[in-house]
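> Build the 3D model from these lines:
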Amino acid sequence: MAITFTTATDSANATVNDSGHGAIANDFVTFSNANTGNSALNAKLNNEFSITSITNANSYIITLSGNADAALSSAGSADAEY
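So this is what the prediction gives:
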């Protein structure tokens, strides 16, 4: 399953939807090839992040360097390395 994101333009928190990710809080993830349709948001996502919290087995929260530049609802895509 593809990685997708849920973001809001008034928040720096982003939910990463990655089925069966296996990560735990404070693990690191590096995204590349982000494709959200918004170049500023892509630039923020193509980085390394500490996982802030685990929502469930299929999603977790990261904190961007600033508020998201686009609102996404389980959209976009990226490659991830844990």
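> element containing the residue nearest to the spatial centre of the chain, please.
In the chain, the C-alpha closest to the average C-alpha coordinate belongs to V16, at a distance of 4.0 Å (CA atoms, centre = their mean). Assigned by DSSP states H and E, V16 falls within strand 13-17.
> Which secondary structure elements does the helix or strand following that strand sit against?
On the C-terminal side of strand 13-17, the closest following helix or strand by DSSP H and E is strand 28-35. If you count contacts as 3 or more CB pairs under 8 Å, 6 or more residues apart in numbering; DSSP states H and E, strand 28-35 packs onto helix 39-45, strand 48-50, strand 77-81. C-betas here are computed from N, CA, C, even on glycine.
> What residues sit buried inside the strand holding V16?
A14, T15, V16, N17 (16 or more other CB atoms under 10 Å).
> Tell me the strands beside that strand, with direction?
strand 4-7 (antiparallel), strand 59-63 (antiparallel) (DSSP bridges).
> which residue of the chain sits farthest from its center?
D10 (15.4 Å).
> Skipping its backbone neighbours, what lies nearest it in space?
Setting aside the residues directly before and after it, D10 is nearest to N67 in space (CB to CB, 6 or more residues apart in numbering), at 6.1 Å.
> residues near the one you found, how many?
14 (other CB atoms under 10 Å).
> Next one: it, what pLDDT does it get?
Taken from the predicted model, the pLDDT recorded for N67 is 97.
> which residues does it contact?
Remark: with contacts taken as CB atoms under 8 Å, 6 or more residues apart in numbering, N67 is in contact with T9, D10, S11, A12.
> from what I can see the last one touches S65, true?
Okay, so that is A12. Yes - proximity of A12 to S65 meets the contact threshold set by CB atoms under 8 Å, at 7.4 Å.
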